[in-house]
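In: Need the 3D shape of this:
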Amino acid sequence: MTVEPQSDRLLVALHVPATAAGDPALPGLLKSGNEAALEDHLRIVGSDIAHSLDIQQDEVTLSAPAITARPGPDRVSIDVELRYAIAPGGRNFSARLNAFTSKDGPVRTVARYRPGAGSEQVVSITGPAARIAFDPSLTAVLTSFAARGLRALFDSGDQLLFLVCLLLPMRRPRAILGLYAVGALAQAVAMTFFVAGGPALSTWLPGVSMAAASAIVIAATQNIARARVRWVLYLTAVFGVLNGCSLGQSAASIAQFAGAHLPLAMFAFAAVVLLGELWLGALIGAFRISIDDHGLPDRIVVLAGSTLVAHSAIHRVMERGQVVAQTGSFGGERAVTYLTLVWITAILLAAMAQAVWRAPVRAHAS
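Out: This is a model prediction of the structure:
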């Protein structure tokens, strides 16, 4: 499907498989040679497609178009051309895509919007019918991507569990801000790289998601073992990168709806996620302080909370590990192997460092 404003008209051209046109008799008529009957069916199918697309400008449905429908060169598809009258220089068009159905399965709609000035916008979607705006305004894009960022923040729940792990022990405000800064920076960098190279990195995503859940387990273990802040800082950076990849995948999947405002749309998405994490951290921190004010022993709170978080995170690791096993992707299998080796190496290095730093010092006279 192509949508192209031309002076005082909007030209919409579609190439539709006959099996997805909504007329069960059409595939047979295309091969039968009965041109009169085929012409009648094409007229009905063309009108039905125009009605289903419901092309709008400024949220107002355009008047009925001039319709031309003809068989495709391969005689298994049809070409439909819709010509709408519009005001010169008009914009803010939208259409209801994915209105096609097929007995063979979901039908993907690929729409190309070609404005008179500016780059082409390509939208490729499948699933239920949805209204898609072509060349949307900056305000609409920022609002939409901010809402999608807020949804992504709560979709997996990994950030919430990791924040709980960070804030269960009573820490100094400076240490908390340092941990947030490192995690936010790691997330932002990972999101940027994933949006830029999403297709190449998507095969690794199941393994990355499992690794992020395992990082939560390690964070809970650090609380129980009373790890030093610098080790928590290192883990926060690792989790930020892993979780940032998942967030980047969410951002990359909706990047096609940003039109000409992709950089600002990605900024709005990331800003809402990072500020939302800061807000969640403030709530968790206030709740933790209120618990401390009630006189509950810090060690008991840390042990109980970390155990609950670790239990939930272990379930996430197992569930995501099953996804990796089911997909059988080469990238996912390598991710599992590398995850195991990395964590084993990290634990051994931590043990060696502790052994060196805690070596007995020579006694001296008082």
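In: where in the stretch 251-366 of the chain is pLDDT low?
Out: Applying pLDDT under 70 to the stretch 251-366 of the chain picks out residues 325, 327-366.
In: now the helices: where do they sit in it?
Out: All helices of the stretch 251-366 of the chain, identified by DSSP state H, counting those that start in this stretch, fall at 262-293, 298-327, 330-357.
In: Same check on the stretch 1-150 of the chain?
Out: Going by DSSP H, counting those that start in this stretch, the stretch 1-150 of the chain shows helices at 26-32, 35-53, 138-155.
In: Please produce CSV containing those, extended by distance to residue 224, mean neighbour count and mean pLDDT.
Out: Glycine gets a C-beta too; all of them are placed from N, C-alpha and C. Below are the helices of the stretch 1-150 of the chain laid out as CSV (distance: least, CB to CB, whole Å; neighbours: other CB atoms under 10 Å; pLDDT from 0 to 100):
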stretch, distance to residue 224, mean neighbour count, mean pLDDT
helix 26-32, 65, 17, 84
helix 35-53, 58, 16, 87
helix 138-155, 27, 17, 89
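In: And these: which comes nearest residue 184?
Out: helix 138-155 (12.6 Å; CB to CB).
In: The closest one to helix 262-293, inter-axis angle?
Out: Helix 138-155 runs at 40 degrees relative to helix 262-293, counting by axes from the mean of the first three to the mean of the last three CA atoms, to 10 degrees.
In: what comes into contact with helix 138-155?
Out: The contact list for helix 138-155 (CB atoms under 8 Å, 6 or more residues apart in numbering) reads 133, 136, 159-160, 247, 250-251, 254, 257-259, 261, 264-266, 268-273, 276-277, 280.
In: ok now it, how far from the chain's centre?
Out: Centroid separation for helix 138-155 versus its chain: 11 Å, with CA atoms, centre = their mean, to the nearest Å.
In: next SSE after that helix?
Out: helix 158-167 (DSSP states H and E).
In: Can you tell me how far residue 3 is from residue 14?
Out: Using CB to CB, to the nearest Å, we find residue 3 at a distance of 10 Å from residue 14.
In: who's more crowded, the two?
Out: Ranked by neighbour count (other CB atoms under 10 Å), residue 3 and residue 14 place residue 3 first, with 26 against 22.
In: Nearest spatial neighbour of that one, chain-adjacent residues omitted?
Out: Leaving aside its sequence neighbours, residue 3 sits nearest to residue 113 (CB to CB, 6 or more residues apart in numbering; 4.8 Å).
In: May I have the residues that are in contact with the one you found?
Out: 2, 3, 4, 93, 120, 121, 122, 123, 134, 135.
In: all strands for the stretch 101-250 of the chain, in order.
Out: 109-113, 121-125, 130-134 (DSSP state E, counting those that start in this stretch).
In: who's in contact with the spatially most central residue of the chain?
Out: The chain has residue 250 as the residue nearest its centroid, 0.8 Å off, counting by CA atoms, centre = their mean. By CB under 8 Å, 6+ apart, the contact set of residue 250 is 148, 152, 155.
In: Go again with 10 Å.
Out: By CB atoms under 10 Å, 6 or more residues apart in numbering, the contact set of residue 250 is 148, 149, 151, 152, 153, 155, 156, 191, 194, 195, 269, 273.
In: Surely the last one is in contact with residue 183?
Out: No. Contact criterion CB atoms under 10 Å: residue 273 and residue 183 do not qualify, at 11.3 Å.
In: So what touches stretch 286-301?
Out: Residues external to stretch 286-301 that are found in contact with it (CB under 10 Å, 6+ apart): 164, 167-171, 223-224, 226, 302-305.
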